[in-house]
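Colleague: got a structure for you, letters missing:
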DNA sequence: ACGCGTTACTAACGCGCGTTAGTGTCCCTC
DNA sequence: GAGGGACACTAACGCGCGTTAGTAACGCGT
């Protein structure tokens, strides 16, 4: 005879109790009165049979899936370059585990693919939406349905709890570091197109620093990159036509990596000719040549905080409208004071 | 009155049919005879009500969860450095989507954490286990239970279908590239400890190339790194004590990144003094200074192939014991012939 | 006129759990 | 020694689907 997987009924029979008692014991149901001996009998029986509750049955009866969804809306190149996704996922998973939840990941194209079904089919109890675009229509619909959603990143127009860093302040601090070193003509290369809130915010932080130093913000010094090193190289190439440029704030380490390649190719050195500040502090940043000064993003904690907030939301607890995690400017060797007038004269005009 | 989510009964009522018919229509059940008009009525009703089947109910009734599990056994530093996980996940998701499956990710510590429950609770229909260690005991137990598992990577001792590249052949090709350039003293830095099959295999490929060229394999030239750039830097530091060394095969781009840092710090240049070949072809490899010659790993396709194999296994179709995907040696600028005797004499003895 | 196959459906059950409403027993109190 | 409450449990239902076995109507051949 075929031996099928044990069910709670089998455990109940072996322990000489009802399935109700089995359920009470295994779920540590508060308010249920179970004698220690009965409790132990049930536990022993479950152990002896190798009993594991059937997830779908639990979920159906209990009305929740015990699954958190992570929606990652990214173009393929963006996925490939996103060194931090794995960390965020690990943080989210850690949060989920505290509540015996698991994490389902839904990677979607930038335009195609829908995630609304995840929640409507009750396949997940809630969603963390990572780095959404400003024009994501699906989000609005979900929230109107009252679905538990947490934004990782920011989306100012929508009334959804979010977990993020203060991009503007961090970018401002990074730029101020360059200003403090004496730089006066500082470029800015974004991490992404301005459809992404983070790209705007970091640019705004840069702008605040520039204007705060009494300089005029120059739109020509701001170039848009899109996620990958290649776009950073292109942007930097154009920026280098400004021969008075002595520093760049690049709002993504990966993009900065490309920018540094462009600087090398132009026969210039970092930081002697051009100082570079990045953003993200990807694991490889410390091994760049030279090691990259950058803004540390607490990727793991962002994932964890988003997960915690989502679980709170699912369980009807109060959730802060906005959780802001601290960043830190990590000063390495890609930043230094600008070349002195003498040095610039000695080295002759910059190649353009 | 509170409006609750529609169920198949509601759709049935609106369409004037039974829930059986609703089920038949929505699942395109083969062999079911449904007239086109009835069919359309059901579809319209479902649409009008915004009906979405309840995932847990489907899963319970249907006996499957429609979820694929991805088990990632990694230490934190390994996760952080694993630039390819996101790609693999995307590939796996793409495969899952073809069968209306979703992907649940379970990131586990190197030693702690268990994933067996994932399958025993029927929370997932099958698992892709990524980069397992040789000593993973849980895997054996799972397979004895007859659980659908696909290894991404290789685990020679266990009889589990796997999807991988030919690590040895790729490493051999990489090393042969160095030999063809004229290098005779070539170091090897592994990607991971030898508990990982891939680390062994890549080392073996290196060895085959060395011996195939009529040279003697020297164990002192082989150093173990563990996933991150820091370990690569340390290993390279030790390797540089061999002043006759002119090239290294590093079995991971991230580790190679650290190795290149060590070479720079020793006042040497890549490839002029030391040629470097990597492994993985992470997205940033092309932007290294100099751009890294490396073995391209088809990360997306590996994920996709693993997913397809797992779906086959779940559906009782035949699965190849081993799927091997092609790699390609990408020659960039980190490799060149060794310095000539004259140049070495001119430059003087190498700093050690 | 009858039988037989095909088409188009449906009633009812079962998946394996969680939960509600209840039953019985024991002990303590006045 | 009757009442009441805490304690330790259980019967039975319901979650929302998929599926099996079955029915009714209809056409078609002889």
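Modeller: Cool, the structure landed. For clarity, every value in this text was computed on a predicted model and none was experimentally measured. Residues are numbered from 1 along each chain as shown, chains lettered A, B, ... in the order given.

Colleague: Doesn't residue A:295 lie inside a strand?
Modeller: Yes. Counting by DSSP: H, G, I helix; E, B strand; the rest coil, one finds residue A:295 located in a strand.

Colleague: Is it bridged to anything, and to what?
Modeller: residue A:329 (DSSP bridges).

Colleague: check contacts around it.
Modeller: A:170-171, A:173-174, A:277-281, A:327-330 (CB atoms under 8 Å, 6 or more residues apart in numbering or on different chains). C-beta: built from backbone N, CA, C; applies to glycine.

Colleague: Need the buried ones from those residues selected in ChimeraX.
Modeller: Burial among these is assessed by 16 or more other CB atoms under 10 Å in any protein chain shown; the matching ChimeraX selection reads:
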select /A:170,171,173,174,277,278,279,280,281,327,329,330
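
Colleague: what's the distance between residue A:49 and residue A:262?
Modeller: Counting by CB to CB, to the nearest Å, the separation of residue A:49 from residue A:262 is 65 Å.

Colleague: for residue A:139, same thing?
Modeller: Here residue A:139 is placed at a distance of 36 Å from residue A:262 (CB to CB).

Colleague: Against chain B, how distant is the residue in the stretch 151-300 of chain A that DNA strand D sits nearest to?
Modeller: When scored by CB to the nearest atom of the strand, the stretch 151-300 of chain A has residue A:160 as its residue closest to DNA strand D, at 25.7 Å. Distance, residue A:160 to chain B, by CB to the nearest CB, to the nearest Å: 21 Å.

Colleague: got it, and residue A:312?
Modeller: Remark: distance between residue A:312 and chain B (CB to the nearest CB) = 22 Å.

Colleague: do the same with residue A:212
Modeller: 33 Å.

Colleague: How many neighbouring residues does that residue have?
Modeller: 12 (other CB atoms under 10 Å in any protein chain shown).

Colleague: ok, now how distant is it from residue A:222?
Modeller: Counting by CB to CB, the gap from residue A:212 to residue A:222 is 16 Å.

Colleague: try residue A:305
Modeller: Counting by CB to CB, the separation of residue A:305 from residue A:222 is 30 Å.

Colleague: Neighbour count for these two, which is higher?
Modeller: Shown here are residue A:305 and residue A:222; by other CB under 10 Å, residue A:305 has more neighbours (22 against 18).

Colleague: is stretch A:237-250 anywhere near chain B?
Modeller: No. Using CB under 8 Å from any CB of the partner chain, stretch A:237-250 stays clear of chain B, with a minimum separation of 12.9 Å.

Colleague: Residue A:49 and residue A:262 - which one has more neighbours?
Modeller: Of the pair residue A:49 and residue A:262, residue A:262 is the one with more neighbours under other CB under 10 Å, namely 23 against 16.

Colleague: ok, the more buried one touching residue A:232?
Modeller: Yes. Counting by CB atoms under 8 Å, residue A:262 touches residue A:232, with 7.4 Å between them.

Colleague: Quick check: phi and psi at residue A:199.
Modeller: Phi and psi for residue A:199, reported as degrees, to the nearest 10, are phi -60, psi -40.

Colleague: residue ranges with poor pLDDT in chain A?
Modeller: For chain A, the stretches with pLDDT under 70 are A:1-3, A:80-81, A:342-352.

Colleague: Contact residues of it facing DNA strand C?
Modeller: A:4-5, A:7-9, A:19-20, A:22-24, A:26-27, A:29, A:51, A:53-54, A:57-58, A:60-62 (CB under 7 Å from any atom of the strand).

Colleague: ok, of the residues you listed, which come out buried?
Modeller: Listed as buried from those are A:7-8, A:22-24, A:26, A:51, A:53-54, A:57-58, A:60; burial here means 16+ other CB under 10 Å.

Colleague: and chain B, which of those reach it?
Modeller: Counting by CB under 8 Å from any CB, the members of these near chain B are A:53-54, A:57, A:60.

Colleague: Tell me where the stretch 251-352 of chain A has strands.
Modeller: Secondary structure of the stretch 251-352 of chain A (DSSP state E, counting those that start in this stretch): strands located at A:275-277, A:294-296, A:322-325, A:328-330.

Colleague: Which of the ones you listed sits closest to residue B:247?
Modeller: Closest to residue B:247 of those is strand A:275-277 (CB to CB; 30.3 Å).

Colleague: Contacts for the closest one, please.
Modeller: For strand A:275-277, the external contacting residues (CB under 8 Å, 6+ apart) are A:174-175, A:177-178, A:181, A:183, A:246-250, A:256, A:259-260, A:263, A:270, A:292-295, A:334-336, A:338.

Colleague: how distant is it from the center of its chain?
Modeller: The chain centroid and the centroid of strand A:275-277 are separated by 23 Å under CA atoms, centre = their mean, to the nearest Å.

Colleague: Now the terminal residues of stretch A:148-168, how far apart.
Modeller: 27 Å (CA to CA, to the nearest Å).

Colleague: And that stretch, what's buried?
Modeller: Neighbour counts over stretch A:148-168 (16+ other CB under 10 Å) mark A:148-155, A:158, A:160-168 as buried.

Colleague: Mind giving me the packing neighbours of the strand or helix carrying residue A:68?
Modeller: Using DSSP states H and E, residue A:68 sits within strand A:67-73. Counting contacts by 3 or more CB pairs under 8 Å, 6 or more residues apart in numbering or on different chains; DSSP states H and E, strand A:67-73 packs against helix A:85-98, strand A:102-108, helix A:116-120, strand A:126-130, helix A:299-314.
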